[in-house]
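> task: produce atomic coordinates for the following.
(one chain, ligands or ions: 1)
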Amino acid sequence: MQQGLSCKLAPHIMINPFTDEYFMKKALNEAEMAFEKGEIPVGAIVVVNNIVIARSHNLTELLNDVTAHAEMQSITAAANYLGGKYLKDCTLYVTLEPCQMCAGALYWSQISKIVYGARDEHRGYEKMGTKLHPKTTVVRGVLDDEAADLMKRFFAERRK
Ligand code: ZN
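As a prediction, the model looks like this:
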């Protein structure tokens with residue numbers, strides 16, 4: 001039977017919906033929330049076993065705090081959720097390459113994976129020469145055009 005055959009095949013041709021792009025879209029939603037508040041639009045989420053355990057966006061203006069970057073808040077929220085300070089088996093999705101402060105905090109968290117969108121040519125940790133933890137793998141450039149466009153729109157509106 002044709003139908004029976006396709007049912008048997010279905011599990012093999014199913015596409016995993018939990019891609020890096022899927023989660024980066026959630027981080028971009030956070031960045032848009034920052035944008036609407038007049039904050040530099042950077043968003044971050046932390047995922048473990050395909051579950052989002054932390055979400056945050058930049059709040060440096062609202063909190064009047066240079067440490068209120070999206071990543072810093074997500075690190076704290078994820079550790080609270082997990083009940084432990086190390087972010088083992090966790091992935092951070094962040095729309096912009098982390099700065100050296102956030103890279104330092106991520107180093108201490110021993111996070112398993114970082115996925116970032118747009119590069120920060122001037123203030124990114126790679127340019128600054130900050131090292132991540134040896135246990136951390138990095139994926140770069142996921143939905144980077146979307147993240148970069150949001151930043152460009154933000155600074156263009158500010159100049160008006
Ligand atoms: Zn930062």
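> roughly how far does Ala148 sit from the ion?
17 Å (Cβ to the ion, to the nearest Å). All C-beta spots, glycine's among them, are computed from the backbone N, C-alpha and C.
> same for the host helix or strand of that residue, what does it pack against?
If you go by DSSP states H and E, Ala148 is part of helix 144-159. Packing partners of helix 144-159 (3 or more Cβ pairs under 8 Å, 6 or more residues apart in numbering; DSSP states H and E): helix 20-36, strand 90-96, strand 113-118.
> give me the neighbour count for the closest residue to Ala148 other than its chain neighbours.
Counting by Cβ to Cβ, 6 or more residues apart in numbering, the nearest residue to Ala148 once its immediate chain neighbours are dropped is Ala118, at 4.1 Å. By other Cβ atoms under 10 Å, 24 other residues sit near Ala118.
> got a list of what Ala118 touches?
If you count contacts by Cβ atoms under 8 Å, 6 or more residues apart in numbering, Ala118 has them with 95-97, 141, 144-145, 147-148, 151.
> what of Val139?
20, 113-116.
> ok, it to Lys25 distance?
Separation of Val139 from Lys25 (Cβ to Cβ, to the nearest Å): 15 Å.
> same check on Ser56?
16 Å.
> between the two, who's got more neighbours?
Shown here are Ser56 and Lys25; by other Cβ under 10 Å, Ser56 has more neighbours (26 against 15).
> name the residues of the helix or strand hosting the more buried one that are buried.
In this structure, Ser56 sits in strand 51-57 according to DSSP H and E. For strand 51-57, a neighbour-count test (16 or more other Cβ atoms under 10 Å) marks 53-57 as buried.
> which among those are in contact with the ion?
When contact is defined as Cβ under 5 Å from the ion, the buried residues of strand 51-57 do not meet the ion at all.
> alright, I will stop here.
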